[in-house]
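In: What shape does this take:
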Amino acid sequence: MSLGLSDEQTTQPRTKAEAEAPATLAASQRRAVLPGVLNGVRLLLIALWLGGAFFFSFVVAPTAFRVLPTHELAGVLVTHTIAYVNDSGFVISLILLASSFALKGEYLSRRTKLLEIASLGVVGLACNSGHWISRQMLALRNEMGRPIDHVPADDPLRIAFNSLHGYSVGLMSVAMLAGVVALLLIGRRNRLVRVSSAAKGESL
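Out: As a prediction, this is how the structure comes out:
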């Protein structure tokens, strides 16, 4: 005996859970992919800054002092260029620090996550301090009132400038070393996130 149900009625989901299943599956897939995308962007940011810092330190600065006719011109170029490196490093470190808390801690051990945060903090602190030193160096140049090549080596302003230059080089070295550590840790997290996301995708 036919119950008289139409084809449309017989194909309707029998429960509310079955009706909501496709939307739930799509949301779960998005949640599985999001950490991988976020950490991929984080890895790209630290890699770009680190590449720029190494390029500046080993290519731009040495070339400027070798090619330009005076130390004054080379110093002006280097001082202005390092300001961009320091500013970008400070901003990127803040972004990476903030985004690190958006990722679940299950991908890294507590000690490893703290090391990642510490290394990014060192990058930000070193870059911010380097920016302040660059401004002081520019102020000393203006106070000298003449090209630095014409300032005696025993002049107090020249001595202060050389001292600040040494601090600037040291801070950039510290920032790059911390950046390498952060790059390795973020890269490791990225691999773990991708494996975890793939596993969650397969289980859905």
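In: Now do the same contact list for residue 99.
Out: Counting by C-beta atoms under 8 Å, 6 or more residues apart in numbering, residue 99 touches 38, 42. Glycine gets a C-beta too; all of them are placed from N, C-alpha and C.
In: so how far is residue 46 from it?
Out: Distance of residue 99 to residue 46, computed by C-beta to C-beta, to the nearest Å: 11 Å.
In: just checking, next helix/strand downstream of the strand or helix carrying residue 132?
Out: Using DSSP states H and E, residue 132 maps to helix 110-144. Downstream of helix 110-144, the first helix or strand assigned by DSSP H and E is helix 156-203.
In: Now do that following helix: which elements does it pack against?
Out: Counting contacts by 3 or more C-beta pairs under 8 Å, 6 or more residues apart in numbering; DSSP states H and E, helix 156-203 is packed against helix 16-55, helix 71-100, helix 110-144.
In: Could you check how far the shortest one is from the centre of its chain?
Out: A distance of 12 Å separates the centroid of the chain from that of helix 71-100, by C-alpha atoms, centre = their mean, to the nearest Å.
In: I'd like to know the average pLDDT value across it.
Out: In this model, helix 71-100 has a mean pLDDT of 91.
In: between it and helix 110-144, how many degrees?
Out: In terms of direction (axes from the mean of the first three to the mean of the last three C-alpha atoms, to 10 degrees), helix 71-100 departs from helix 110-144 by 150 degrees.
In: Helix 71-100 versus helix 156-203: what angle between them?
Out: Going by the same axes, to 10 degrees, helix 71-100 makes 30 degrees with helix 156-203.
In: Any figure for the gap between residue 185 and residue 136?
Out: Using C-beta to C-beta, residue 185 is found at 32 Å from residue 136.
In: typed the wrong thing, it's residue 174
Out: Per C-beta to C-beta, residue 174 is found 18 Å from residue 136.
In: Which one of these two is surrounded by more residues?
Out: Between residue 174 and residue 136, residue 174 has the larger neighbour count (other C-beta atoms under 10 Å), namely 17 against 14.
In: List the residues that contact the nearest residue to that one once chain neighbours are set aside.
Out: Nearest non-adjacent residue to residue 174, counting by C-beta to C-beta, 6 or more residues apart in numbering: residue 126, 4.8 Å away. Listed by C-beta under 8 Å, 6+ apart, the contact set of residue 126 reads 89, 171, 172, 174, 175, 178.
In: The second one: neighbour count?
Out: Same thing as residue 171. Residues near residue 171, counting by other C-beta under 10 Å, number 22.
In: returning to what we had before: of the helices and strands packed on helix 156-203, which is nearest residue 159?
Out: helix 110-144 (10.1 Å; C-beta to C-beta).
In: same question for that closest one, mean pLDDT?
Out: For helix 110-144, mean pLDDT is 92.
In: so how far is that helix from its chain's centroid?
Out: With C-alpha atoms, centre = their mean, you get 14 Å for helix 110-144.
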